[in-house]
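**Q** Provide a 3D model corresponding to the input given below.
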Amino acid sequence: MLKRLSQMNWGLLVLAAGLSGCNSPISISQPLPSQTTPTPTASQGSTSGDFMNLEISVHRQINQYRQSRNLSPLTLDPRISEQARLHSEAMASGRVSFSHDGFEGRVKALEKSIPYRSAAENVAYNQGYSDPGKQAVEGWLKSPGHLKNIQGEFDLTGIGVTQNAKGEYYFTQVFIKHR
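**A** Presented below is the predicted three-dimensional model:
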């Protein structure tokens, strides 16, 4: 899914969602191509602490939304966040396109330490917003596919954020329902 939102600072927000059902193999919807080509990662003055703060902010916003709908909060798991972060870094550097490429591998790597029943993934990137995490979450909440993942029967999550040299922020959120 492709969605662009404009503000006075001419920001860009692009989203994609992948979901698997509890009783079926992982199935990933194909996002529409992005309008920009990623460049190598070289965060412009951002530190890993800045990215971690964005990850925590996204987690908090997602849980606030879930709790407003009487859904249980998601526990942030560092093992899942590491896989999400690696995917965000790969998209930001151009090693993989803005997509769910490799989702099965990320989930398979997690399965070694987290037995799971189902998994899903949301990805987004944006540029030019004062609060890129808020922009990503707001975009996901307005998108039926992303919202389905956010409202899904999951109990664990991981979030990875990075930024490339062009100033584009890449977000990956993986959702897991463990056994």
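
**Q** please name every helix or strand in contact with the lengthiest helix in the chain.
**A** Longest helix in the chain by number of residues (criterion: DSSP state H): helix 48-68. Counting by 3 or more C-beta pairs under 8 Å, 6 or more residues apart in numbering; DSSP states H and E, the packing neighbours recorded for helix 48-68 are strand 75-76, helix 78-93, helix 132-141, helix 144-150, strand 156-163, strand 169-178. Heads up, the C-betas are built off the backbone N, CA and C, glycines and all.

**Q** contacts for that helix?
**A** Helix 48-68 has contacts (C-beta atoms under 8 Å, 6 or more residues apart in numbering) with 43, 72-74, 76, 81, 85, 132-134, 136-137, 141, 150-151, 157, 159-163, 169, 171, 173.

**Q** how big is the angle separating that helix from helix 78-93?
**A** 120 degrees (axes from the mean of the first three to the mean of the last three C-alpha atoms, to 10 degrees).

**Q** helix 48-68: which residues count as buried?
**A** Residues 51, 54-55, 57-59, 61-63, 65-66 are the ones in helix 48-68 that count as buried (16 or more other C-beta atoms under 10 Å).

**Q** reformat those as a markdown table; add pLDDT and distance to residue 121.
**A** Converted to a markdown table, the buried residues of helix 48-68 look like this (pLDDT from 0 to 100; distance: C-beta to C-beta, whole Å):
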| residue | pLDDT | distance to residue 121 |
| --- | --- | --- |
| 51 | 91 | 18 |
| 54 | 95 | 17 |
| 55 | 97 | 15 |
| 57 | 97 | 19 |
| 58 | 98 | 13 |
| 59 | 98 | 15 |
| 61 | 98 | 17 |
| 62 | 98 | 13 |
| 63 | 98 | 18 |
| 65 | 98 | 17 |
| 66 | 98 | 17 |
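
**Q** quick check: the farthest pair among those?
**A** Every pair in these was compared (C-beta to C-beta); the two farthest apart turn out to be 51 and 66, at 22.6 Å.

**Q** still on that earlier bit, now a ChimeraX select for only the buried ones of the contacts of helix 48-68.
**A** Per 16+ other C-beta under 10 Å, the buried members of the contacts of helix 48-68 correspond to this ChimeraX selection:
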select :43,74,76,81,85,132,133,136,137,150,157,159,160,161,162,163,169,171,173
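
**Q** okay, the helices and strands packed on helix 48-68 in a markdown table with mean pLDDT next?
**A** Formatted as a markdown table, the helices and strands packed on helix 48-68 follow (pLDDT from 0 to 100):
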| stretch | mean pLDDT |
| --- | --- |
| strand 75-76 | 98 |
| helix 78-93 | 96 |
| helix 132-141 | 97 |
| helix 144-150 | 96 |
| strand 156-163 | 97 |
| strand 169-178 | 97 |
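
**Q** got CSV for the ones you listed, with distance to residue 124 too?
**A** CSV is the format used below for those (distance: least, C-beta to C-beta, whole Å):
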stretch, distance to residue 124
strand 75-76, 18
helix 78-93, 10
helix 132-141, 4
helix 144-150, 8
strand 156-163, 10
strand 169-178, 5
